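Trainee: how would this look folded up:
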Amino acid sequence: MPKWLVYGTEPFLIDKYKKELIRDIEAPEFNYLEANEFTEQVSSFLCQIPILGNEKVLIYHAETLKECSDLVEFLSKRGKKAKVYIFAKTVDKRTKLYKQFSKDEVKIFDKVRMDVLQKTILQHIKHAGCEITEDAYQQYLRQINYYAEETNLYDVLYSLERLCCSKSITLDDVKKLVVNNESENVFSLIQLIMNQQYNEIYHQADLIMQGQSNNAINVLSLLLRNYRLAYKMRICNCSLKDIGVYGNSYVPQLSAEVCSKSMDIIDDAIRKIKTGYYQQEIALKVVLAKLCALSRKG
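Mentor: Below you'll find the predicted structure:
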């Protein structure tokens with residue numbers, strides 16, 4: 001039986017895809033079934049021929065792909081009587097079960113790219129007959145914080161509906177009407193430093209210190225780790241994988257000499273915080289300023 005695995009981090013797009021599937025089903029009262037358990041009703045539905053239409057469709061919901069093992073095994077042994085779409089909230093790509101789906105049978109709906117997000121926001125505002133000032137727009141992007149784990153397009157569209165009650169959206173409108181999902185992004189700091197984005201660097205520093213007063217040492221330790229990785233890569237002329245680091249760690253594209261000086265700055269600041277010489281907030285901002293200056297030297 002034809003089958004597809006559907007999952008991702010953007011529920012709005014997943015729901016949209018599901019609605020499109022259902023919309024195209026002929027005689028859905030006979031040819032459509034939605035389930036979250038593999039029951040006799042499900043197996044019977046899968047074995048029946050379509051009525052008043054060309055195909056039958058099963059949409060199967062599961063918390064994890066692992067819960068679908070009986071269904072997938074059943075599909076591998078029976079004829080092609082229905083299309084099956086498995087909507088799983090959690091998927092482990094390392095499992096044999098996942099590998100039973102070909103590349104064409106996996107549909108992933110993750111968060112949209114920034115350019116797509118911005119186009120969506122601006123089009124929504126335009127279609128509502130509204131305008132937004134540049135400072136309000138930038139504040140909106142920060143507050144909605146779309147790439148935070150708990151935020152999705154539903155939050156974006158809901159917040160825009162509230163904002164578009166006003167024909168001219170101002171900074172005050174955004175601050176009053178949009179839930180502030182803003183949070184610190186420690187892992188973006190090095191990218192901001194390399195790009196010399198000073199305003200955003202210090203904005204992130206403020207957020208970090210608002211989140212927890214003793215955050216500075218933790219943040220500096222994470223920065224130190226990434227500069228240390230960059231140093232090792234330059235000295236050994238190797239990749240992250242070669243030194244046993246897997247994943248998406250971002251390391252600065254700097255010379256070994258600059259990485260070494262950066263590490264000394266961070267080490268010194270951590271030591272001074274621990275001995276009470278520096279307040280944490282001051283130490284963090286001083287370090288960020290020094291790292292920005294060094295990054296210009298490459």
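Trainee: Can you spell out which residues form a bridge with residue 84?
Mentor: residue 3, residue 58 (DSSP bridges).
Trainee: which residue packs closest to the residue of the chain most remote from its centre, ignoring adjacent ones?
Mentor: The centre of the chain is farthest from one residue, residue 52, which by CA atoms, centre = their mean lies 41.9 Å away. Sequence neighbours aside, residue 27 is the residue nearest to residue 52 in space, at 3.9 Å (criterion: CB to CB, 6 or more residues apart in numbering). For every residue, glycine as well, the C-beta is placed using N, CA and C.
Trainee: re earlier: I'd guessed the residue farthest from the centre of the chain sits against residue 26; true?
Mentor: Yes: counting by CB atoms under 8 Å, residue 52 does reach residue 26; the two are 6.6 Å apart.
Trainee: List the contacts of stretch 287-298.
Mentor: Stretch 287-298 is contacted by residues 189, 193-194, 196, 198, 201-202, 205, 220, 223, 252-255, 258, 261-262, 265-266, 269 when judged by CB atoms under 8 Å, 6 or more residues apart in numbering.
Trainee: what do you get for stretch 154-164?
Mentor: 11-12, 117, 120-121, 124-125, 128, 130, 132, 140, 144, 146, 169, 173-174, 177-179, 181.
Trainee: from those residues, which ones fall inside strands?
Mentor: Among the contacts of stretch 154-164, the ones falling in strands (DSSP state E) are 132, 169.
Trainee: List only buried entries from the contacts of stretch 154-164.
Mentor: Neighbour counting over these (16 or more other CB atoms under 10 Å) leaves 12, 117, 120-121, 124-125, 128, 130, 132, 140, 144, 146, 169, 173-174, 177-178, 181 as the buried ones.
Trainee: quick revisit: next up, identify which helix or strand the residue farthest from the centre of the chain is on.
Mentor: When secondary structure is defined by DSSP states H and E, residue 52 falls outside every helix and strand.
Trainee: Can you verify residue 38 is assigned to a helix?
Mentor: No: counting by DSSP: H, G, I helix; E, B strand; the rest coil, one finds residue 38 to be coil, located in no helix.
Trainee: So it sits against residue 75, correct?
Mentor: No: with contact defined as CB under 8 Å, residue 38 does not reach residue 75; the gap is 10.3 Å.
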